[in-house]
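Participant: no sequence for this one, just the structure:
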């Protein structure tokens, strides 16, 4: 396996991965989405709610607010051996929301959630939860726990986890007339014509749409792909850094493969 980082920010990662079979890449993608654990609000106790929204709607909105996650200090309730989320400090954190619109209309934001653990807080403090008219109030206790995307998408650490084949574009110079139709047709603008030559500026951006093939009047362009090389893109919700997500996914995938190997060996 060869890995080259093409781009990286605190919320996203783009990499070129070579010499990897397709099933392994798809297993990595699915593991990232469904198996890497993060914190999310799972139970809400309402003390007061005079807003226009039902309790269930507010609870649902709270659950979808991404929370920063510390995998070094927290475990899932199964791993901690807990059954009651309110009593399981190894797996859960309590957050308090108490907002009242006293003088005018007030918007309740994610920043109004006060966590007992300063490390487990909303990724963004600008996520709207509800709008309160004068005199209305929301007061509640919310309990966030470590969970996995296979239970509910609110526990998935990513908003995007995808890959595509590495494109391969061949231009037959004997057939090419440098008419420029491929340049016009390409939605990613990867073609350019300079000094009667076609240049491919950034093949990574090719989406394999083959618009250039269809537009070429002489059929000089052929678009294929490398079946063992992939461009992988990941976008974190902010709960975990992209590199930590990939690291945890490989750990989980390795553990599952070892368990499968042991089961197969034991069945002989």
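Facilitator: The structure has been received and is ready for your questions. Remember, it's a predicted structure, so these values are computed and weren't measured experimentally. Numbering: from 1, shown residues only.
Participant: can you pull the contacts of residue 18?
Facilitator: 1, 2, 3, 4, 166, 226, 228, 229 (CB atoms under 8 Å, 6 or more residues apart in numbering). For every residue, glycine as well, the C-beta is placed using N, CA and C.
Participant: cutoff 10 Å now
Facilitator: Residue 18 makes contact with 1, 2, 3, 4, 166, 226, 228, 229, 230, according to CB atoms under 10 Å, 6 or more residues apart in numbering.
Participant: cool, and residue 32?
Facilitator: Counted by CB under 10 Å, 6+ apart, residue 32 has contacts 149, 156-158, 160-162, 232, 234, 236, 242, 245-246, 248-250, 252-253.
Participant: one more time with 6 Å, if that's ok
Facilitator: Contacts for residue 32 (CB atoms under 6 Å, 6 or more residues apart in numbering) come out as 158, 161, 245, 249.
Participant: Determine which two of the residues you listed are furthest apart.
Facilitator: Maximum pairwise distance in the contacts of residue 32, criterion CB to CB, is 9.8 Å, between 158 and 249.
Participant: Quick one, grab the pLDDT at residue 268.
Facilitator: Per-residue pLDDT puts residue 268 at 64.
Participant: State the phi and psi torsions of residue 24.
Facilitator: Main-chain torsions, residue 24, degrees, to the nearest 10: phi -70, psi -40.
Participant: Quick check: residue 132 vs residue 145, distance?
Facilitator: Note on residue 132: its distance to residue 145, by CB to CB, to the nearest Å, is 27 Å.
Participant: What helices and strands are in contact with the longest strand anywhere in the chain?
Facilitator: Secondary structure assigned by DSSP state E gives strand 221-236 as the longest strand of the chain. Counting contacts by 3 or more CB pairs under 6 Å, 6 or more residues apart in numbering; DSSP states H and E, strand 221-236 is packed against strand 12-18, strand 158-171, helix 211-215.
Participant: contacts for that strand?
Facilitator: By CB under 6 Å, 6+ apart, the list of residues contacting strand 221-236 from outside reads 11-19, 25, 158-171, 182, 204, 210, 212-213, 242.
Participant: Work out the gap between whichever helix or strand comes after it and the centre of the chain.
Facilitator: Next in sequence after strand 221-236, counting helices and strands by DSSP states H and E, comes helix 242-266. Relative to its parent chain, helix 242-266 has a centroid offset of 20 Å by CA atoms, centre = their mean, to the nearest Å.
Participant: same thing with stretch 206-226?
Facilitator: Chain-centre distance of stretch 206-226: 31 Å, with CA atoms, centre = their mean.
Participant: Make 859 the starting number, not 1.
Facilitator: Shifting the count to begin at 859 puts that one at stretch 1064-1084.
Participant: If anything else comes up later, I'll come back, but that's it for now.
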